[in-house]
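# here is my input, please return the structure:
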Amino acid sequence: MDFTLKRTAQIVAALLLIAAVTQAIYTALYANEMYVPRQLLWGIEGFLFVVLAAFAGSAMVQAKSQHLGWAAIAFASVLNIVQVGVGLTMFGPFFALAGEVETFVPAKDAVVAFSFMVYNAAKVLLALAAIVFGMAKLNDGAKALGGLTALVGAVAFITNALSMALGRDFSGELPLAGGSGVLATVLLAVCLMSAVRED
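Here you go, the predicted structure:
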């Protein structure tokens, strides 16, 4: 089956939107102290990012421009696969051990910290993609969408970079890094829906 750049970009946009929705659902359930089906949500995300890596990589070599943006999406997908994999395979055993043996608490904390480090790195890359495609839309005349996407992308880029450097608690109780990252992802997807023309 042959996928044109336009079709590939639309698939990437759809996958990004679905991933953003799953992250929003997880965050809402967790914040309201409700039951979170981690295996289901993270399993879906893992699958989405595997497919997203392939399609974004395909778009990267098909495109005549915005290669940096496509590369950022592809590598962010790979990092998200790692992050989800850590959560699914390591959180359970390490949390269980830390609950029984106090000396395992630092190891559990290290696994969580590593997971968030990878999470923020992926968000930095998606924010970079949002800046690239937002600027492209801005140059095409879509000033509102392009400007907003680039601006939110810049905020997400900075806050997630700070979270990597200073730790995820650098902004206190405000979810600046994660929230801006998810919003940048949504806006990036909206840009991709219409940004690519047939070559």
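# host element of the most centrally placed residue in the chain?
Centroid check for the chain by CA atoms, centre = their mean gives Lys123 as the closest residue, at 4.7 Å. Element membership for Lys123, per DSSP states H and E: helix 105-139.
# other SSEs contacting that helix?
helix 67-100, helix 143-166, helix 176-195 (3 or more CB pairs under 8 Å, 6 or more residues apart in numbering; DSSP states H and E). Any C-beta I mention is one placed from the backbone N, CA and C, and that applies to glycine too.
# can you rerun that using 10 Å?
With contacts defined as 3 or more CB pairs under 10 Å, 6 or more residues apart in numbering; DSSP states H and E, the packing partners of helix 105-139 are helix 5-31, helix 67-100, helix 143-166, helix 176-195.
# dump the residue contacts of the closest residue to the residue nearest to the centre of the chain other than its chain neighbours.
Distance criterion CB to CB, 6 or more residues apart in numbering; nearest residue to Lys123, sequence neighbours excluded, is Gly181 at 3.5 Å. Gly181 is in contact with 20, 23, 76, 119-120, 122-127, 130, 152-153, 155-157, 159-160, 163, 175, counting by CB atoms under 10 Å, 6 or more residues apart in numbering.
# which residues touch the residue nearest to the centre of the chain?
Lys123 neighbours (CB under 10 Å, 6+ apart): 76, 79-80, 83, 156-157, 159-161, 163-164, 177-178, 180-182, 184-185.
# give me the buried entries from these.
Using 16 or more other CB atoms under 10 Å as the burial test, these include 76, 79-80, 83, 156-157, 159-161, 163-164, 177-178, 180-182, 184-185 as buried.
# need the contact list for Phe94.
Phe94 touches Val86, Phe104, Val105, Ala107, Lys108, Asp109, Ala110, Val111, Val112, counting by CB under 10 Å, 6+ apart.
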